[in-house]
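In: Sequence and computational prediction follow.
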Amino acid sequence: MTAPPPATARAATFFSGAAKPDLGLRIVSPADLNLQTAQPAVPELESLRSLVPYCLDFAGQYVYFAAGVDAQAAARAPFHHVFLRERSTGFLRVPAERLSPMPIGTLHPVALFSPGRCGSTALSKLLAAMGALSISEPDFYTQVAMHTALRASKRLPPDPAARVMLARAGERLLAPLASQSTLACVIKMRSQATFAPQEIMAGFSTWPKTLFIVRGFQDWCQSRMRAFPDSLEENFLNYMFALQALRWLRANSDCLCLEYEHIVTRSTELARRIADYLGLSTPSPETIAAVLATDSQEGTVLERSRLARDLPEATMRAITKLWQARAPRPLLRELGLEHL
């Protein structure tokens with residue numbers, strides 16, 4: 001039984017209505033919400049299992065929950081945070097001190113990292129076909145990674161309050177799914193999670209196994225520049241963050257590294273490796289082919305038909321030239337990725 005909050009605890013507040021429109025894939029924030037509709041939350045609301053964590057407020061030390069959504073449907077969506085924005089009927093703001101630890105039953109979280117544009121959404125669907133639960137991009141994890149990276153840029157240590165809020169939000173993300181029989185629950189992180197993997201891992205009571213997908217820089221950069229407006233230099237720095245995160249995760253967690261190219265060229269072998277690693281069943285080659293034949297991001301802003309098809313030749317040459325000049329060869333050798 002959850003202990004009652006301290007008498008001095010702040011009250012929870014409910015904000016009716018959906019999130020603001022046209023947020024796209026912007027990282028979640030309390031600024032996404034219409035906070036002019038505040039009303040006191042009835043005590044019963046805080047115990048509803050139809051609440052799903054949406055974002056954190058680091059300054060105020062609040063956790064915001066989306067109300068009126070199906071937690072399992074949100075877990076199956078291509079982008080968890082977008083689903084909450086589109087389907088919620090309101091948001092509950094709960095002071096962090098009101099949130100005690102919550103058990104997640106027999107679920108075993110698994111954290112999936114990548115620099116993005118690496119087939120992680122397709123892999124999430126493959127994992128679901130293998131019998132795992134898979135949650136795609138619950139964005140409060142991204143918030144914490146970005147918050148930590150910003151503090152580090154100012155030579156500030158990690159925020160201990162953020163770590164506690166992340167733990168409480170993560171438990172409430174998983175608790176509604178704990179009644180399912182599966183043990184493995186893969187949480188697919190956004191690319192920015194590689195900015196601070198140590199803080200992501202610290203949000204779990206027991207450090208989870210990790211999966212990491214890598215892709216050759218030149219193909220990855222081309223794919224990313226078709227999808228996002230980041231500069232070539234920004235992409236290179238993001239890729240370096242990802243390699244450094246992989247090094248850290250290999251040293252500090254039980255980490256299985258996968259290559260993007262193998263999702264298509266060695267999909268059956270890849271599925272077998274993952275199944276052995278996570279204790280799942282290996283799907284048939286026909287099931288694997290059916291999963292990978294579909295656009296894993298269909299219906300989203302990143303579906304294939306919406307992305308630019310070709311990059312200017314000058315951009316392609318610039319990508320090649322940058323990698324030839326600045327590829328981190330010692331780090332790639334250390335990671336066994338010299339061939340990328």
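Out: Noted; the coordinates are in hand.

In: mind listing what the residue most central in space within the chain touches?
Out: Here the mean C-alpha position of the chain is nearest to the C-alpha of residue 189 (C-alpha atoms, centre = their mean), at a distance of 2.1 Å. The contact partners of residue 189, by C-beta atoms under 8 Å, 6 or more residues apart in numbering, come to 111, 112, 113, 114, 137, 141, 142, 145, 200. The C-beta positions use only the backbone N, C-alpha and C, and glycine is treated the same way.

In: repeat that for 6 Å
Out: 113, 141 (C-beta atoms under 6 Å, 6 or more residues apart in numbering).

In: distance of it from residue 271?
Out: Going from residue 189 to residue 271 by C-beta to C-beta, to the nearest Å gives 21 Å.

In: Next: residue 59.
Out: For residue 59, the distance to residue 271 (C-beta to C-beta) stands at 44 Å.

In: Could you check which of the two has the larger neighbour count?
Out: residue 271 (25 against 8; other C-beta atoms under 10 Å).

In: buried set for the helix or strand containing the more buried one?
Out: Using DSSP states H and E, residue 271 maps to helix 267-278. Within helix 267-278, the residues that qualify as buried by neighbour count (16 or more other C-beta atoms under 10 Å) are 267, 270, 271, 274, 275, 277, 278.

In: now do stretch 105-117
Out: For stretch 105-117, burial by neighbour count (16+ other C-beta under 10 Å) applies to 107, 108, 109, 110, 111, 112, 113, 114, 115, 116, 117.

In: Can you name the residues that contact the closest residue to residue 132 other than its chain neighbours?
Out: Distances taken as C-beta to C-beta, 6 or more residues apart in numbering place residue 184 nearest to residue 132, at 4.3 Å, with adjacent residues excluded. Applying C-beta under 6 Å, 6+ apart, we find residue 184 in contact with 108, 110, 132, 278.

In: How about residue 136?
Out: Contacts for residue 136 (C-beta under 6 Å, 6+ apart) come out as 78, 80, 124, 188.

In: ok, the residues you listed vs residue 42, which is closest?
Out: Closest approach between the contacts of residue 136 and residue 42, by C-beta to C-beta: residue 80, at 26.2 Å.

In: isn't the closest one right next to residue 134, touching?
Out: No: in this structure residue 80 lies outside contact range of residue 134 using C-beta atoms under 6 Å: 10.2 Å.

In: So those two - more neighbours on which side?
Out: More neighbours surround residue 80 than the other of residue 80 and residue 134, with 27 against 23 (other C-beta under 10 Å).

In: Let me know the distance separating that one from residue 32.
Out: Distance of residue 80 to residue 32, computed by C-beta to C-beta: 14 Å.

In: picking that back up, between the buried residues of stretch 105-117, which is nearest residue 173?
Out: Checking the buried residues of stretch 105-117 one by one against residue 173 (C-beta to C-beta), the nearest turns out to be residue 109, at 9.3 Å.

In: partner residues bridging that closest one?
Out: Bridge pairing for residue 109 (DSSP bridges) gives the partners residue 185.

In: wait, isn't it in contact with residue 208?
Out: Yes: using C-beta under 6 Å, residue 109 is in contact with residue 208, at 4.2 Å.

In: in stretch 185-202, what counts as buried?
Out: So for stretch 185-202, counting by 16+ other C-beta under 10 Å, buried means 185-197, 199-202.

In: ok, residues contacting the biggest helix by length in the chain?
Out: Scanning the chain for the longest helix, with DSSP state H as the assignment, gives helix 232-252. Residues from elsewhere that reach helix 232-252 (C-beta under 6 Å, 6+ apart): 115, 194, 195, 197, 210, 212, 217, 221, 224, 255, 318, 331.

In: which of the residues you listed has the weakest pLDDT?
Out: Within the set of the contacts of helix 232-252, pLDDT is lowest for residue 224 (91).

In: Can you report how many residues neighbour it?
Out: There are 21 residues near residue 224, going by other C-beta under 10 Å.

In: who touches it in this structure?
Out: Neighbours of residue 224 in contact, by C-beta under 6 Å, 6+ apart: 117, 235.

In: just residue 94 next, same as before
Out: Contacts of residue 94 by C-beta under 6 Å, 6+ apart are 12, 63.

In: Look up how far residue 140 lies from it.
Out: Taking C-beta to C-beta as the measure, residue 94 falls 13 Å from residue 140.

In: Wasn't residue 104 part of a strand?
Out: No: counting by DSSP: H, G, I helix; E, B strand; the rest coil, residue 104 falls outside a strand, being coil.

In: Was I right to think it contacts residue 172?
Out: No: look at residue 104 against residue 172 with C-beta under 6 Å: they stay out of range, at 9.2 Å.
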